[in-house]
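[1] Got a predicted structure plus its sequence, pasted below:
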Amino acid sequence: LFLSAAQEPRSTASLANDEAMLNAYIEGKDLYAVIGSKSFHVPYEECLEFNNGVLNPDGKARRSKAKTILLGITYGMGSKSLASKLECSEKEAKEIIEYFYEGFPGVKKLTEESQKMLKEKGYVTDMWGRRRHIPDAQLPDFTIKSNSTAEEFNPLIGSANRENSVIASRIAYYRSAVKSARSRDDVKAIVSKAKKEHITIVDNRGFINRAMRQCLNARIQGTGSSMTREAMINIDNDEILNKLGFKLTITVHDEVLGICPSDNAEEASKRLSEVMVNAAKTRCVCPFKCDPYVVNDGWYEDENVAALKNKYEKLINSGMSKECAIDNMISKYPFFNPDSIRAVLDGSYEIGRDSLKHGLNFYKLSLND
């Protein structure tokens, strides 16, 4: 989603265009393999999960790490956290981040532009110009205030004014002290000392850093959200889909789910894909693809059938009888129709004709645990 805007949304800066990343999409390459190649300094082919149809374990591992690198950097992950995720030293993680930015300079530029926008305006925008406010970015490093209230004495004496002057002086002192502190322990000592004088010091740097980490991801996710909304409007207004009887039902992140007459399913899925990939064509030069998935009355039916069979085989191999294994499966997965489970396990179930009946989209994860 590091995309190039064809026109600036309103008066805001466009999302940065990274030529290397854009070329990966244009050439139909695996983006994570491209990132792995540039981050680990190995050929592209050595970062593919499959090379010439043969499983490549080392390539799969590099590709997986490349995914962690991309998502980690866009979520503002530092070298320490990345090192933990990649199970490497912090020094190696720093080098990987440097290699990544060298290979994809547009990402670094986009990050810097996003942080600058957030610091100056208190919000960032997506490609459509929609704003995400993250006000913590504009907090001062430390908020310092007095907990004491000047007593109102005879105004002719002016004692209240003198007390306010003393408080202001102490606040100025502590503001200078925390600014010159060299470590967290120094800050803690200053905060403790101020507390004795009824002065509260709040360290906002953690909130500021979190806001700065959020800003790039906010632009990416915001653009994805706006793109999906644009697609939904186009789907609802599309004459071909309307003639095919297609109706939107719900969205799931960047997916749209809908229903139509079964006779029109294949044609509707192709048209839906066309509408989806063209949703941002007026704003973005990056090519897209959409993978339509046609189901009957069971979500992920094929995956769940395979998972049930796999669980069943494990029970049989452990020495359990077939009937006991089937009873075990029915007991373990009460959210599935018992007759459907029996049909899957005795081999009479036909994908596309029969289907498991309840909540497969949700319960798929339970099967794969």
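    Great, that's in hand. Residues are numbered from 1 along each chain as shown.
[2] Name the residues of whichever strand or helix holds S165 that come out as buried.
    Taking DSSP states H and E as the criterion, S165 maps to helix 159-180. Residues E163, I167, R170, I171, Y174, R175, A177, V178 are the ones in helix 159-180 that count as buried (16 or more other CB atoms under 10 Å). C-beta coordinates here come from the backbone N, C-alpha and C atoms, glycine included.
[3] contacting residues for L308?
    Contacts for L308 were tallied using CB atoms under 8 Å, 6 or more residues apart in numbering; they are M329, Y333, F336, I341, V344, L345, L367.
[4] tally of neighbours for the second one?
    It stands for Y333. Using other CB atoms under 10 Å, Y333 has 20 neighbouring residues.
[5] From A189, how far out is the nearest residue to P43 once chain neighbours are set aside?
    Excluding the flanking residues, the one nearest P43 by CB to CB, 6 or more residues apart in numbering is S37, at 6.4 Å. Applying CB to CB, to the nearest Å, the value for S37 to A189 is 49 Å.
[6] can you tell me the distance between the two ends of stretch 122-138?
    6 Å (CA to CA, to the nearest Å).
[7] in it, what's buried?
    Buried-residue list, stretch 122-138, by 16+ other CB under 10 Å: Y123, V124, T125, D126, M127, W128, R130, R132, I134, D136, A137.
[8] Neighbour count for S37 and A189, which is higher?
    S37 (23 against 13).
[9] one step back: CSV for the buried residues of helix 159-180, including distance to S114 and pLDDT?
    Output for the buried residues of helix 159-180, formatted as CSV (distance: CB to CB, whole Å; pLDDT from 0 to 100):
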residue, distance to S114, pLDDT
E163, 45, 62
I167, 39, 87
R170, 38, 91
I171, 33, 92
Y174, 33, 94
R175, 29, 93
A177, 32, 95
V178, 28, 94
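[10] which one of those residues sits closest to Q221?
    V178 (34.1 Å; CB to CB).
[11] what residues are up against the residue lying closest to that closest one once chain neighbours are set aside?
    Leaving aside its sequence neighbours, V178 sits nearest to F142 (CB to CB, 6+ apart; 4.8 Å). Applying CB under 8 Å, 6+ apart, we find F142 in contact with R175, V178, K179, I201, V202, D203, N204, R205.
[12] and with 7 Å instead?
    R175, V178, I201, V202, D203, N204 (CB atoms under 7 Å, 6 or more residues apart in numbering).
[13] and it, bridged to which residues?
    Note on F142: beta-bridge partners by DSSP bridges are D203.
[14] From N209, how far out is it?
    In terms of CB to CB, F142 sits 14 Å off from N209.
[15] and if you look at E120?
    E120 sits at a distance of 17 Å from N209 (criterion: CB to CB).
[16] Among the buried residues of stretch 122-138, which lie within helices?
    Among the buried residues of stretch 122-138, none falls in helices (DSSP state H).
[17] list the contacts for I167?
    Listed by CB under 7 Å, 6+ apart, the contact set of I167 reads S146, S148.
[18] Over to K145. Which of the three states is it?
    strand (DSSP: H, G, I helix; E, B strand; the rest coil).
[19] Nearest residue to it in space, please, no chain neighbours.
    Using CB to CB, 6+ apart, the nearest residue to K145 is T200, at 5.7 Å.
[20] going on from the helix or strand the one you found falls within, what's the next piece of helix or strand?
    T200 belongs to strand 199-203 when elements are defined using DSSP H and E. Moving toward the C-terminus from strand 199-203, the next helix or strand (DSSP H and E) is helix 205-237.
[21] Done for today, thanks.
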